[in-house]
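J.: pasting the structure only:
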């Protein structure tokens, strides 16, 4: 990902040692008190290091308050000098550092798509947009109270760090370091209901966001799948006067998804690129997994991460868009909780609520640590219920969408968006402040059952409604409601599951040597949170032909890589703090 790494010293310090914590930067500055470096994809970096008064370093893709153009260096200079309050209203995704002669300010975008990780020791404060850079400093431990929801549920529920003694900064929050003092300024924004917006209002805003690249005649490339959300974006492109765009598709084992997308592109004679599946590529597979898991910290399994490596094949000179987080506008998040969990929500039965959010990964931890994680989950749900508006005030559907907005966006979508920033210039039109703040202003009856999206497709390019919709290796008629799709998927999934699991077997056998070496290592055997005997038995039984344990092995491998990342510290940086400057 495009990254920032910095250090604010309580004493004097040696820059060379600090620079060992990150790759070769594109730009860096240092003084007697601080060091800041920035690197990655130059198209998603903004910095000013020569100004005598204000310097700044920003990574991401910031978009103007009006959502009419991408910001440039002149815009940032104007904002910092004249309108610092405008930061809260910007679109796009970004995190940045603002420095003056005496202070450093860290800031983040409103929705939480880019973030900082901050660690303090006797030397000073280290901060980075990449967690794995910070993990090189010490022998860190997982905070299982925070980690529980990330491991046991569909995604983490809090926006706190899963590592002890590291602070996570996101969702519009700021941190100011001044005169050897650190101050955090929290930001508790939520969408509010102000007015009712129409389908045409939504369509207009979404179209402007989709066509942002046209402002400077940039090539736009849409990541098209066979699903609903990217098809909505495609309809807007087809109904525009702008012609400098194409589509691209990623070949995976989900053949139905790719077949529907390819048919649409072929029938409509749309220029497109197909990127072949790289899941069988042997070169650098372990190092790529370490980089992926280190930068996204367990959002996907090792196997699934191999299907997300295509972005490095895309052109850095194009604007990449996709339909990410479109589900929020279809009222399709947390549907089990919506249909069956209302009473538990009303009665604040937090343990029962958690049961609707479970995502089975692998039971690799001892009962002691499982208990800590479950207690943490209940605590996180209780805090969210207290923080969000009441269900009576905004309705169950809206409440669940706010729940998803504040938990899934920052913990699931954000790490992947940050990783993609390292390869291409990319953003999600559905995840922009100007449109998300209208979430409660769009009547929920319009959003349910895909009514809003179907209306937009008919409004812009109705021919797209004749094509079936895909989800993975299953397909459905365009007119199907979510309930009809769920019923159909129960039947189709029985016939489609074996091929995906075969791909997983192929991947795990390529990883056998690394997995077994890790399993038998001293550090793995002595890692206290592991239920080691159970892990040893299941991993060995899998490689001896017990195929039912494949998903267990996949997730054990994923966590084990993360554990190894936590242990790969730079010992040269762990010396005692230098003495204070004299005088």
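T.: Alright, I've got the coordinates. Because the structure is predicted, anything quoted here is derived from the model rather than measured.

J.: quick one, strands of the stretch 1-150 of the chain?
T.: For the stretch 1-150 of the chain, applying DSSP state E, counting those that start in this stretch gives strands covering 3-9, 27-30, 34-39, 45-48, 55-63, 91-99, 103-108, 116-120, 124-128.

J.: residue contacts, residue 551?
T.: 301, 360, 361, 362, 504 (CB atoms under 8 Å, 6 or more residues apart in numbering). (Each C-beta comes from the backbone N, C-alpha and C, glycine too.)

J.: what is the neighbour count of the third one?
T.: What it means is residue 361. Other residues within reach of residue 361, judged by other CB atoms under 10 Å, total 19.

J.: now do the last one
T.: When neighbours are counted by other CB under 10 Å, residue 504 registers 21.

J.: the bottom helix or strand of this structure by mean pLDDT?
T.: helix 482-510 (a mean of 73; mean pLDDT, DSSP states H and E).

J.: which elements pack onto the very next helix or strand once past that helix?
T.: Helices and strands here follow DSSP states H and E; after helix 482-510, the next one along the chain is helix 512-520. Contacts defined by 3 or more CB pairs under 8 Å, 6 or more residues apart in numbering; DSSP states H and E place helix 512-520 against helix 532-543, helix 550-567.

J.: return the most buried member of those.
T.: helix 550-567 (a mean of 20; mean count of other CB atoms under 10 Å).

J.: ok now that helix, how far from the chain's centre?
T.: In terms of CA atoms, centre = their mean, to the nearest Å, the centre of helix 550-567 is found 19 Å from the chain centre.

J.: ditto for stretch 173-185
T.: For stretch 173-185, the distance to the chain centre is 25 Å (CA atoms, centre = their mean).

J.: that stretch: which residues count as buried?
T.: 173, 174, 175, 177, 182 (16 or more other CB atoms under 10 Å).

J.: for the stretch 51-200 of the chain, what spans make up the helices?
T.: Assigned by DSSP state H, counting those that start in this stretch, the stretch 51-200 of the chain shows helices spanning 73-82, 131-134, 144-152, 199-210.

J.: hmm, back to that, as a markdown table, the strands of the stretch 1-150 of the chain with mean neighbour count would be great.
T.: As requested, the strands of the stretch 1-150 of the chain are exported to a markdown table (neighbours: other CB atoms under 10 Å):
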| stretch | mean neighbour count |
| --- | --- |
| strand 3-9 | 25 |
| strand 27-30 | 17 |
| strand 34-39 | 23 |
| strand 45-48 | 20 |
| strand 55-63 | 24 |
| strand 91-99 | 25 |
| strand 103-108 | 22 |
| strand 116-120 | 21 |
| strand 124-128 | 24 |
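
J.: can those strands go into a markdown table with extra columns for distance to residue 374 and mean pLDDT?
T.: Below are those laid out as a markdown table (distance: least, CB to CB, whole Å; pLDDT from 0 to 100):
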| stretch | distance to residue 374 | mean pLDDT |
| --- | --- | --- |
| strand 3-9 | 34 | 96 |
| strand 27-30 | 44 | 94 |
| strand 34-39 | 40 | 96 |
| strand 45-48 | 41 | 96 |
| strand 55-63 | 35 | 97 |
| strand 91-99 | 32 | 97 |
| strand 103-108 | 30 | 96 |
| strand 116-120 | 25 | 98 |
| strand 124-128 | 31 | 97 |
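
J.: those strands: which one's closest to residue 162?
T.: Of all the strands of the stretch 1-150 of the chain, strand 116-120 sits nearest to residue 162, with 10.4 Å by CB to CB.

J.: parallel or antiparallel, which strands does that closest one pair with?
T.: Using DSSP bridges, the strands paired with strand 116-120 in its sheet are strand 124-128 (antiparallel), strand 166-169 (antiparallel).

J.: gap between the longest one and the chain center?
T.: For strand 124-128, the separation from the chain centroid amounts to 22 Å (computed by CA atoms, centre = their mean).

J.: tell me the angle of that strand relative to strand 3-9?
T.: Using axes from the mean of the first three to the mean of the last three CA atoms, to 10 degrees, the inter-axis angle of strand 124-128 relative to strand 3-9 is 170 degrees.

J.: picking that back up, including distance to residue 391, could the strands of the stretch 1-150 of the chain go into TSV?
T.: Formatted as TSV, the strands of the stretch 1-150 of the chain follow (distance: least, CB to CB, whole Å):
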stretch	distance to residue 391
strand 3-9	39
strand 27-30	48
strand 34-39	43
strand 45-48	41
strand 55-63	33
strand 91-99	29
strand 103-108	29
strand 116-120	33
strand 124-128	38
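
J.: out of these, flag the one nearest residue 366.
T.: strand 116-120 (27.1 Å).

J.: and for the closest one, what's in contact with it?
T.: So strand 116-120 is contacted by 4, 95, 106, 108, 125-131, 134, 137-138, 161, 163, 165-170, 175, 182 (CB under 8 Å, 6+ apart).

J.: how far is that strand from where the chain is centred?
T.: 18 Å.

J.: number of nearby residues for the closest residue to residue 219 other than its chain neighbours?
T.: Closest residue to residue 219 apart from its sequence neighbours, by CB to CB, 6 or more residues apart in numbering: residue 318 at 4.4 Å. Neighbour count of residue 318, defined by other CB under 10 Å: 20.

J.: state the distance from residue 318 to residue 249.
T.: Distance of residue 318 to residue 249, given as CB to CB, to the nearest Å: 15 Å.

J.: same question for residue 179.
T.: Counting by CB to CB, the gap from residue 179 to residue 249 is 54 Å.

J.: equivalent analysis for residue 516, please.
T.: For residue 516, the distance to residue 249 (CB to CB) stands at 36 Å.
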